[in-house]
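A.B. asks: any chance you can model this:
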Amino acid sequence: MISHLRPALVSMGFFTVLLGLAYPLAITGVAQAAFPAQANGSLVRDAHGQIVGSELIGQAFAKPAYLHGRPSAAGNGYDASASSGSNMGPLNDKLIEREKTDADALRAEFPGAVIPADAVTTSGSGLDPDISPAYARLQAGRIATARNAPRGEVLAMIDAAVKPPLLGFIGQPRVNVLDVNRALDARFPMVG
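C.D. replies: Numbers count the residues shown, from 1 in each chain. Now for the predicted structure:
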């Protein structure tokens, strides 16, 4: 009986090593050689080489001088180890209440403004680094006031940061929150 199983066991061991070890190492090596920045998390560094974030993972900015991202359902907010949506359906009372509370706060901050959907809804991962140009532009006045900067210049920076849909038709135009906030810090540094 063992003699009948031996070829299967040898074959199984070979494929385990091939697919469980050799293939992942080869793909990792190719990724590191061809796309080193992306393979290492698309990390963003400051002028001193310190990591300040990732192009791919959103982070919470709460100060008035910064562009705010969309709400996050990942852990306590932008927790990459708890990446997920809220899994609440559109009729869920908790979801409706949270969105209503967020929308009311935005209406109080921006009276008469149309509140973009991404200002009150979370992304599927809860880690979206981008917001819509409409939500970014809505925040320009608050940012300009907090930084004592001309609103028109803040708007121009936001407009310059708009990325088009992939290949011109996949997705929506978007603004990377971290990129704009870094540009704002460079152009209008915060004092104190």
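A.B. asks: quick one: pLDDT of residue 192?
C.D. replies: At residue 192, the model reports a pLDDT of 60.
A.B. asks: can you list the domains in the chain?
C.D. replies: 1-40, 43-187 (automatic domain parsing).
A.B. asks: for those, which one ends up most surrounded?
C.D. replies: domain 43-187 (a mean of 16; mean count of other C-beta atoms under 10 Å). For the C-beta atoms, the positions are set from N, CA and C on the backbone; glycine is no exception.
A.B. asks: now the end-to-end length of it.
C.D. replies: End-to-end distance for domain 43-187: 21 Å, by C-alpha to C-alpha, to the nearest Å.
A.B. asks: least reliable of the domains of the chain by average pLDDT, please.
C.D. replies: Confidence, taken as mean pLDDT, is least for domain 1-40 of the domains of the chain (a mean of 78).
A.B. asks: could you find the closest non-adjacent residue to residue 56?
C.D. replies: Distances taken as C-beta to C-beta, 6 or more residues apart in numbering place residue 42 nearest to residue 56, at 4.9 Å, with adjacent residues excluded.
A.B. asks: state the distance from the residue most central in space within the chain to residue 144.
C.D. replies: The structure's the chain has its C-alpha centroid closest to residue 129; by C-alpha atoms, centre = their mean the separation is 1.9 Å. Residue 129 is 23 Å from residue 144, where distance means C-beta to C-beta, to the nearest Å.
A.B. asks: on that earlier part again, and the residue nearest to residue 56, how many neighbours?
C.D. replies: Applying other C-beta atoms under 10 Å, we find 14 residues neighbouring residue 42.
A.B. asks: if I pick it, what's in contact with it?
C.D. replies: Taking C-beta atoms under 8 Å, 6 or more residues apart in numbering, we find residue 42 in contact with 54-56.
A.B. asks: now do 10 Å
C.D. replies: Contact partners of residue 42, counting by C-beta atoms under 10 Å, 6 or more residues apart in numbering, are 35, 53-57, 129.
A.B. asks: thanks again, I'm all set now.
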